[in-house]
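> no letters, just coordinates:
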């Protein structure tokens, strides 16, 4: 007779599921509200979404780690709390952009906000576990929601972008599943901590199977991080998406992918498997160079920023291969600083958004659109210039401090040549960021109506621009406190 399995409620540590449960409840609540009360204003849904995000953030702060729960598949440690914090802050900034001046159909639908919350839940699960199955479930939950959000923009290019993202995402999911299968066959577990112990006991043999598993995982994670050569979807998907959603995709999916990459690659970097480090260096270098060079010839600002985000991912990848606590801290410091600036830059494009392409038959934001902008809308031109200077890594703005710390970390690890390559790529990036500034400040205006650049502006969106701009300018004041928090959380994670 089989004895019943006794499970203690305390051992499940249900509290670790609280952040995800709150947003899941919120998504279901929004759907139920829509069933009984049709045609509610988008302001109501935005405020309700913000409320659940705030409650989620409060629950997150209350968590103590590192701790496991729910049959040990949940892992809440410092890196998990930090990543979830970045995800929630980015999400709060993003959803406010729905309160735009111009009416867009997707923002009137309750399903948009429910899908958005489910997407956040998926990303949270990705970073709050070291179980490959739960990571996969989180990845697919977030991805399926994101595909739909892109398509809901209701433009031909949005449908095309959603299909491209779905196709490439399905391919990446397949490679993730293959990698998980390989490591399960080798170790009999899908827990990264167990996989590390078993592989270490076997002295990381057989090498050919481990090689296949790592390659499959790098392909899957490379898609999320937009690493060359799995980056091809990025400019087209960003172009077809709304500007705020493109900015969101440049930050949140990548931080989730970075956390998974840190947990996974930590197994092999600590084992000092030399070729893993060599592959990461190669991917970082080729990603930086190819993205920056391609950005030089772009005719649309949104596509330029898409390639810019790829280059920034390559920049961060250099610290990923070091695998130390200092390097991981540098990754998160850089991404926090990059998050505010990049969301601010894409929000500026959203402010200048028109339903019809007034300047180019294909592009919404060609460089020519911004010609002489300083003469007709000086405030907009100045703010956009600050964001461009910041992304270029110029002092004293925020991203400069992130790049400085990241390059310093690479130098401290003994990779001086790699640090020189990072500096060279930063210099290349200056050119295409300055290209927009040249158009705004040195070209003749193509219109005398400055209102055309603020057509989609609204008070809530101005608040978002104000928050991101203020942080971008005075970030030097916050760098040390932020770095202290990040380092403390990293040490508690043992990474």
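Received, thanks. Note that the coordinates shown come from a computational prediction; the quantities given were computed from them, not determined experimentally.

> next secondary structure after the host helix or strand of residue 256?
Using DSSP states H and E, residue 256 falls within helix 252-270. Per DSSP H and E, the first helix or strand lying C-terminal to helix 252-270 is helix 274-296.

> just the buried residues of the helix or strand just after that following helix, please?
Downstream of helix 274-296, the first helix or strand assigned by DSSP H and E is helix 301-320. Buried residues in helix 301-320, counted by 16 or more other Cβ atoms under 10 Å: 301-320. (C-beta placed from N, C-alpha, C; glycine too.)

> pLDDT of helix 301-320, averaged?
Here helix 301-320 scores 90 as its mean pLDDT.

> what does stretch 474-491 give?
84.

> list the buried residues of that stretch.
Neighbour-count burial for stretch 474-491 [16+ other Cβ under 10 Å]: 475, 479, 482-483, 485-487, 489-490.

> need these in JSON lines (columns: distance to residue 46).
Shown next, in JSON lines, are the buried residues of stretch 474-491 (distance: Cβ to Cβ, whole Å):
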{"residue": "475", "distance to residue 46": "27"}
{"residue": "479", "distance to residue 46": "31"}
{"residue": "482", "distance to residue 46": "27"}
{"residue": "483", "distance to residue 46": "32"}
{"residue": "485", "distance to residue 46": "29"}
{"residue": "486", "distance to residue 46": "30"}
{"residue": "487", "distance to residue 46": "35"}
{"residue": "489", "distance to residue 46": "30"}
{"residue": "490", "distance to residue 46": "34"}
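
> looking at these, which is nearest residue 89?
Of all the buried residues of stretch 474-491, the one with the least separation from residue 89 (Cβ to Cβ) is residue 482, at 12.0 Å.

> now that closest one: how far from residue 467?
Per Cβ to Cβ, to the nearest Å, residue 482 is found 15 Å from residue 467.

> over to residue 490?
Distance from residue 490 to residue 467, by Cβ to Cβ: 26 Å.

> now do residue 130
For residue 130, the distance to residue 467 - Cβ to Cβ - is 33 Å.

> just want to know which of the two has more residues nearby.
Neighbours were counted for residue 130 and for residue 467 using other Cβ atoms under 10 Å; residue 130 has more, 26 against 16.

> surely that one meets residue 75?
Yes - with contact defined as Cβ atoms under 8 Å, residue 130 counts as touching residue 75 (5.1 Å).

> got CSV for the buried residues of stretch 474-491, with secondary structure and distance to residue 201 too?
Output for the buried residues of stretch 474-491, formatted as CSV (DSSP: H, G, I helix; E, B strand; the rest coil; distance: Cβ to Cβ, whole Å):
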residue, secondary structure, distance to residue 201
475, helix, 45
479, helix, 42
482, helix, 39
483, helix, 36
485, helix, 36
486, helix, 33
487, helix, 31
489, helix, 30
490, helix, 27
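
> now do the strands in the chain.
Counting by DSSP state E, the chain has these strands, from start to end: 67-69, 74-76.

> what's the most buried one of these?
strand 74-76 (a mean of 25; mean count of other Cβ atoms under 10 Å).

> which residues touch that one?
13, 16-17, 63, 65-69, 128-131, 134 (Cβ atoms under 8 Å, 6 or more residues apart in numbering).

> quick check, pLDDT for residue 149.
Looking at residue 149, its pLDDT reads 89.

> quick check: closest non-adjacent residue to it.
residue 115 (5.7 Å; Cβ to Cβ, 6 or more residues apart in numbering).

> I'd say that neighbour and residue 151 touch.
No - look at residue 115 against residue 151 with Cβ under 8 Å: they stay out of range, at 10.5 Å.

> helices or strands next to the helix holding residue 256 in the packing?
Helix 252-270 sits against helix 78-96, helix 110-127, helix 132-151, helix 192-201, helix 207-225, helix 274-296, helix 301-320, helix 325-351, with contacts defined as 3 or more Cβ pairs under 8 Å, 6 or more residues apart in numbering; DSSP states H and E.

> got the angle between it and helix 301-320?
Put simply, helix 252-270 runs at 20 degrees to helix 301-320, going by axes from the mean of the first three to the mean of the last three Cα atoms, to 10 degrees.

> chain center to helix 252-270, what's the gap?
Distance of helix 252-270 from its chain centroid, counting by Cα atoms, centre = their mean, to the nearest Å, is 13 Å.

> tell me what angle that helix forms with helix 325-351.
Angle between the axes of helix 252-270 and helix 325-351 is 160 degrees (criterion: the same axes, to 10 degrees).

> okay, buried residues for helix 252-270 please.
Neighbour counts over helix 252-270 (16+ other Cβ under 10 Å) mark 252-269 as buried.

> what's the angle between it and helix 110-127?
Here helix 252-270 runs at 10 degrees with respect to helix 110-127, directions being taken by the same axes, to 10 degrees.

> among the contacts of strand 74-76, which two are most distant?
Going by Cβ to Cβ, the pair spanning those furthest: 63 and 131, at 17.8 Å.

> comparing these two, which shows the higher neighbour count?
Shown here are residue 63 and residue 131; by other Cβ under 10 Å, residue 131 has more neighbours (24 against 17).

> what sits closest to that one if chain neighbours are left out?
Per Cβ to Cβ, 6+ apart, closest to residue 131 is residue 73, 4.3 Å.

> how much space between the one you found and residue 129?
According to Cβ to Cβ, residue 73 stands 6 Å off from residue 129.

> more neighbours: which of these two?
Taking other Cβ under 10 Å, residue 73 and residue 129 do not tie; residue 129 has more neighbours (27 against 19).

> and the more buried one, how far from residue 201?
Applying Cβ to Cβ, the value for residue 129 to residue 201 is 23 Å.

> what does residue 262 give?
For residue 262 relative to residue 201 (Cβ to Cβ), the value is 23 Å.

> same thing with residue 101?
62 Å.

> out of the two, which sits in the more crowded spot?
Remark: of residue 101 and residue 201, residue 101 carries more neighbours, 14 against 9, as counted by other Cβ under 10 Å.

> how close does that one sit to residue 265?
Residue 101 is 45 Å from residue 265, by Cβ to Cβ.

> how many neighbouring residues does residue 466 have?
Residue 466 sits with 12 neighbouring residues when counted by other Cβ under 10 Å.

> wait, residue 16 sits on residue 72?
No - counting by Cβ under 8 Å, residue 16 sits too far from residue 72 to count as a contact (10.6 Å).

> the two: who's more crowded?
residue 16 (22 against 16).

> contact partners for that one?
Counting by Cβ under 8 Å, 6+ apart, residue 16 touches 63, 67-70, 74, 76, 128.

> now do 6 Å
69, 74, 76 (Cβ atoms under 6 Å, 6 or more residues apart in numbering).

> what's the pLDDT at it?
The model's pLDDT for residue 16 equals 79.

> swap in residue 339?
For residue 339, pLDDT reads 90.

> does it touch residue 251 like I think?
Yes - assessed by Cβ atoms under 6 Å, residue 339 is found in contact with residue 251 at 4.8 Å.

> mind listing the shared neighbours of those two?
By the contact definition Cβ under 6 Å, 6+ apart, residue 339 and residue 251 are jointly contacted by residue 90.

> quickly note the distance from residue 481 to residue 333.
11 Å.

> do the same with residue 17
For residue 17 relative to residue 333 (Cβ to Cβ), the value is 29 Å.
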